[in-house]
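1. Sharing a sequence plus its predicted fold:
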Amino acid sequence: MIKVLASKPIVLVLQKVQDYKMLVKFRLTMTVVFSSIFAFLIATSEGSINWLAVSILALGGFLVTGSANALNQVLEKDFDKLMKRTADRPVAAGRMSISEAVMAAGFMALFGISCLALFNPWAAFLGTLALVIYAFLYTPVKRLSPIAVVVGAIPGALPTMIGCVAAQGQLTILALTLFAIQFFWQFPHFWSIAWLGFEDYSKAGYKMVPTESGNVPSRSIAFQAFLYTLFLMPVSVTPYLLGVTGGISAVIALGLTIGYAGFSWNFYKQGNRKAALQLMFFSFAYIPVVLLAMFADKI
């Protein structure tokens, strides 16, 4: 009996930790942090890496992204209940109150933006911009129009720009290039996921995917995915043209982008679950491999 009573607080603590991981969307947030850190490393001038700066950037990026995700879940709690993949989120499931989630988001935003401000005003401004667009523009527009995908791609690509301006202290061509790479990458990535999760999105009333007669996802999203990979080709080699990275990473980036275009075209031609899955899994690897290659080629 004593053991049972003693273990109960531990279970509650573990559940609370799990709930906060879900509130900030831990895995997604870590991918954002990864992009920002490697953009910072790519943009850093030659010399030893300032690991303290990297740690502050990682913490700031994590907190700002976590705040945006928490606010998103507060605003969408009634719709999250309707979708299988989101019904167990802590606010939607009732395990966490709205006031607790909002307070957590507020503290994360405050400390996260303060961390970014230690670098320069640009980093703090772009972090704030990403949070505001994601939570207060992208979130409501998702229920109105597929244009939400374009809106959401902006905060989705800002982490690389934040990492770059944190290193360089100003908005540079490299910062815009890294932003463009992540911006264009998102469309094939999202459209494949949206195709696979179309029924779930429809249940919650989201209008992020264009539809055809019979309320099925339009094949146009697959063609748009292919078009964005074409836009991605020139920007993927721009860091090399700027003299920031070497030729090896340019070949890797271009080769991966051609592969990305191939999977997107196959998705357009086949229009089935298998093709969407192939594109989705390839998209997961694209950004980390490209950024790692650019960093490795630089050093």
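-> On my side now, so go ahead. Numbers count the residues shown, from 1 in each chain.
2. quick one: average confidence on stretch 15-33?
-> Summarised as a single mean, pLDDT over stretch 15-33 is 90.
3. what distance separates the start and the end of that stretch?
-> 24 Å (Cα to Cα, to the nearest Å).
4. Name the residues of it that are buried.
-> Neighbour-count burial for stretch 15-33, counted by 16 or more other Cβ atoms under 10 Å, picks out 19-20, 22-25, 29, 32-33. Every residue, glycine included, has its C-beta placed from N, CA and C.
5. Turn those residues into JSON lines, including distance to Trp185.
-> Shown next, in JSON lines, are the buried residues of stretch 15-33 (distance: Cβ to Cβ, whole Å):
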{"residue": "Asp19", "distance to Trp185": "31"}
{"residue": "Tyr20", "distance to Trp185": "29"}
{"residue": "Met22", "distance to Trp185": "25"}
{"residue": "Leu23", "distance to Trp185": "26"}
{"residue": "Val24", "distance to Trp185": "23"}
{"residue": "Lys25", "distance to Trp185": "19"}
{"residue": "Thr29", "distance to Trp185": "18"}
{"residue": "Val32", "distance to Trp185": "13"}
{"residue": "Val33", "distance to Trp185": "17"}
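6. now, among the residues you listed, which is nearest to Ile193?
-> Lys25 (14.1 Å; Cβ to Cβ).
7. Please tell me how far the helix or strand containing Ala222 is from the chain's geometric centre.
-> Assigned by DSSP states H and E, Ala222 belongs to helix 220-236. For helix 220-236, the distance from its own C-alpha centre to the chain's C-alpha centre is 18 Å (Cα atoms, centre = their mean, to the nearest Å).
8. Compute the mean per-residue pLDDT across the helix or strand that it is followed by, please.
-> From helix 220-236 onward toward the C-terminus, using DSSP H and E, the following helix or strand is helix 238-241. The predicted model assigns helix 238-241 a mean pLDDT of 95.
9. Would you mind pulling up the elements that helix 238-241 packs against?
-> helix 173-196, helix 247-270 (3 or more Cβ pairs under 8 Å, 6 or more residues apart in numbering; DSSP states H and E).
10. which one of those helices lies closest to Leu41?
-> helix 173-196 (11.3 Å).
11. what residues are up against Ser48?
-> Counting by Cβ atoms under 8 Å, 6 or more residues apart in numbering, Ser48 touches no other residue.
12. May I have the phi/psi pair for it?
-> Ser48 has phi and psi values of phi -70, psi 150 when expressed as degrees, to the nearest 10.
13. got the angle between the helix or strand Ile42 falls within and helix 247-270?
-> Following DSSP H and E, one finds Ile42 within helix 26-43. Using axes from the mean of the first three to the mean of the last three Cα atoms, to 10 degrees, the inter-axis angle of helix 26-43 relative to helix 247-270 is 140 degrees.
14. Run the chain-centre distance for helix 26-43.
-> 10 Å.
15. Let me have the helices and strands packed on helix 238-241 in TSV, extended by distance to Ala101.
-> TSV is the format used below for the helices and strands packed on helix 238-241 (distance: least, Cβ to Cβ, whole Å):
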stretch	distance to Ala101
helix 173-196	24
helix 247-270	36
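16. For the helix holding Ile42, give me every contacting residue.
-> By Cβ under 8 Å, 6+ apart, helix 26-43 touches 49, 53-54, 57-58, 61-62, 65-66, 69, 159-164, 166-168, 172, 174-175, 178, 182, 239, 244-245, 287-288, 291-292, 294-295, 298.
17. just the buried members of the residues you listed?
-> Here, 16+ other Cβ under 10 Å leaves 54, 57-58, 61-62, 65-66, 69, 159-164, 166-168, 172, 174-175, 178, 182, 239, 244-245, 287, 291-292, 294-295, 298 buried among those.
18. Looking at the residues you listed, which are in helices?
-> 54, 57-58, 61-62, 65-66, 69, 159-164, 166-168, 174-175, 178, 182, 239, 287, 291-292, 294-295, 298 (DSSP state H).
19. what about Asp72, how many neighbours?
-> Not quite, residue 72 is Asn, not Asp. 22 (other Cβ atoms under 10 Å).
20. Also Leu14?
-> Count around Leu14 with other Cβ under 10 Å applied: 10.
21. quick one: it from Ala92, how far?
-> 20 Å (Cβ to Cβ, to the nearest Å).
22. And Ala175, by the same measure?
-> Distance from Ala175 to Ala92, by Cβ to Cβ: 36 Å.
23. now swap in Ile287 and tell me
-> 28 Å.
24. Next: Val13.
-> 21 Å.
25. out of these two, which sits in the more crowded spot?
-> Ala92 (21 against 10).
26. Enumerate every residue touching Leu230.
-> Ala261.
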